[in-house]
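> A predicted structure for the sequence below; I have some questions about it.
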Amino acid sequence: MPMSLAARSIRLAAGFSSLATTALRTFAGVLLPRAAVVLVAVVAVAAASGDEAVPVDASPQWWKGNIHTHTFWSDGNDFPEMVAEWYRTRDYNFLALTDHNVLAQGIRWIPEKRALDRGGPDVITKYLDRFGPTWVDRRGEGDAAEIRLKPFDEFRALVEQRGQFLLIPAEEISDAVAGKPVHINASNIAEAIQPVGGQTVSEAIQNNLRAVREQAERAGRSILAHLNHPNFGNAVTPADLAHATLEQHFEVFNGHPSVKQLGDDTTPSIEQLWDIANVIRLTELGAAPLFGVATDDCHDYHSGPGDRQSSRPGRGWVMVKTTHLTPEKIIQALQVGDFYASSGVTLTAVTFDDTSNTLSLAVKPDGDATFTTRFIGSVTEAGSKPQIGIELAAVEGLTPSYTLTGRELYVRAVVSSSEPPVDPVWKEQRQQAWTQPFGWQKPSDD
Ligand SMILES: [Zn+2]
Ligand SMILES: [Zn+2]
């Protein structure tokens, strides 16, 4: 019997947990009797127990989350509880606070002056207004005044909501090779991971991913690693990304204005980089293609929407399809590709039928907005130069689909709305959604 794409992805993916494999094989088996990857909108069914937050017969549903953002624990400009509140009150379901080379643990007091310098004159007042003087810890007077940064384990119970909002312990492992930033987020870690370094960018990526994997195995938990903003500092080339084959996830969209999303004279756009790396992986290395996440990488919670110079919240997120809002379920679904990335467009279904080799989407209507879906792929044919990241088709409307002809290495979809995002990063930006590459598993792989 042909193995489902999801199950085969699990087999090939550099998975960090055997638990993930078991759980998701079951997930695939139950959901996919026709051996297709089917991510469909599911209406929550009332549980026999009457517990709507954790029903006995939980069905897969979409959960919205951001897995890259900063707080006062490193160079973000607000308190971690305030950052969590920003997302919780805007219908996010999960959030990973990812400060540089630190997991929010232990006792940490910071000078109030420093908090005010970074977060603006109202930052402590806003914190007090939200949580009150019985929660906020302060000491000292005048220039010696300090305020305590609460550790993750202390504040998570204050903001988490069962079945609605979840915090995931995380870190941005912030490494550098010859001055080039190599940043990798690790989500659902048990303890901080210090950067390992390497002789080359690709080697540093591999070394850090190995450290993540070691912790996952040692701690017996699923940890997602994803490579951040490859074009930041022109640091990570498509070849670097391709050859670091432990890497399975990278940021196809990052809301920080300095990350060269669209490339420049010397650097391909992030989407071009994705396609080039995936062609190298599939044709030269026999490795699985990369999956793309969208994130905020927010540092500034106080400027207003429309400030394109600031890295602000709410610009990029992932929609993850799984049964339960727990760290393990969310991470495992991300690991096997049961998610899409978004900067505004919502998809209610992403379906790949590997019998007919058809990728089909359902786009959620949004007022008067119109939608164009570009199906992007790469084609390699004997005797001719590979065509990398070409537009295979462009389809208008809410139910686009594309059937592979057999010459494509893979197909992925990018849906663009006619509407700009609420808080655009560049002038002509439109709301978008990105699916993962599909159709790269050939029958001979079984
Ligand atoms: Zn970074
Ligand atoms: Zn960051």
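Yes, it's here. Ligands and ions are numbered 1, 2, ... in the order given.

> show me what the helix or strand that contains Leu334 is packed against.
For Leu334, the host element (DSSP states H and E) is helix 327-336. Contacts defined by 3 or more CB pairs under 8 Å, 6 or more residues apart in numbering; DSSP states H and E place helix 327-336 against helix 5-12, helix 18-31, strand 166-177, strand 224-227, strand 317-322. The C-beta positions use only the backbone N, C-alpha and C, and glycine is treated the same way.

> now that helix against strand 166-177, angle please.
Relative orientation of helix 327-336 and strand 166-177, computed by axes from the mean of the first three to the mean of the last three CA atoms, to 10 degrees: 50 degrees.

> distance from helix 327-336 to the middle of the chain?
Relative to its chain's centre, helix 327-336 lies at 11 Å (CA atoms, centre = their mean, to the nearest Å).

> how far off centre is the helix or strand following that helix?
Using DSSP H and E, the helix or strand that directly follows helix 327-336 along the chain is strand 339-342. Here strand 339-342 is found 8 Å from its chain centre; the criterion is CA atoms, centre = their mean.

> would you point out the helix or strand in the protein whose mean pLDDT is lowest?
helix 18-31 (a mean of 35; mean pLDDT, DSSP states H and E).

> how about stretch 361-375: buried residues?
361-363, 366, 369, 371, 373-375 (16 or more other CB atoms under 10 Å).

> and that stretch, how far out from the chain middle?
Worked out by CA atoms, centre = their mean, stretch 361-375 lies 21 Å from the chain centre.

> can you check stretch 168-178 too?
Relative to its parent chain, stretch 168-178 has a centroid offset of 15 Å by CA atoms, centre = their mean.

> now the helices for the stretch 1-150 of the chain?
Secondary structure of the stretch 1-150 of the chain by DSSP state H, counting those that start in this stretch: the helices cover 5-12, 18-31, 80-88, 112-119, 123-131.

> ok, the stretch 251-400 of the chain next?
Secondary structure of the stretch 251-400 of the chain (DSSP H, counting those that start in this stretch): helices at 270-280, 327-336.

> list the contacts for the nearest residue to Pro289 once chain neighbours are set aside?
Of all residues not flanking Pro289 in the chain, Asn278 sits nearest, at 3.9 Å (CB to CB, 6 or more residues apart in numbering). Applying CB atoms under 8 Å, 6 or more residues apart in numbering, we find Asn278 in contact with 242, 289-290, 378, 409-410, 437, 440.

> does the longest helix seen in the chain reach ligand 1?
As assigned by DSSP state H, the longest helix anywhere in the chain is helix 201-219. No: using CB under 5 Å from the ion, helix 201-219 stays clear of ligand 1, coming no nearer than 12.7 Å.

> relative to strand 166-177, how tilted is that helix?
140 degrees.

> ok, and what's touching helix 201-219?
Contacts for helix 201-219 (CB under 8 Å, 6+ apart): 14, 16-17, 173, 175, 177, 180, 182, 184, 186, 189-191, 193, 195-198, 222-223, 225, 227, 235-237, 239-241, 243-247.

> now Val441: how far from ligand 2?
In this structure residue 441 is Gln, not Val. Distance check for Gln441 against ligand 2: by CB to the ion, to the nearest Å, it reads 32 Å.
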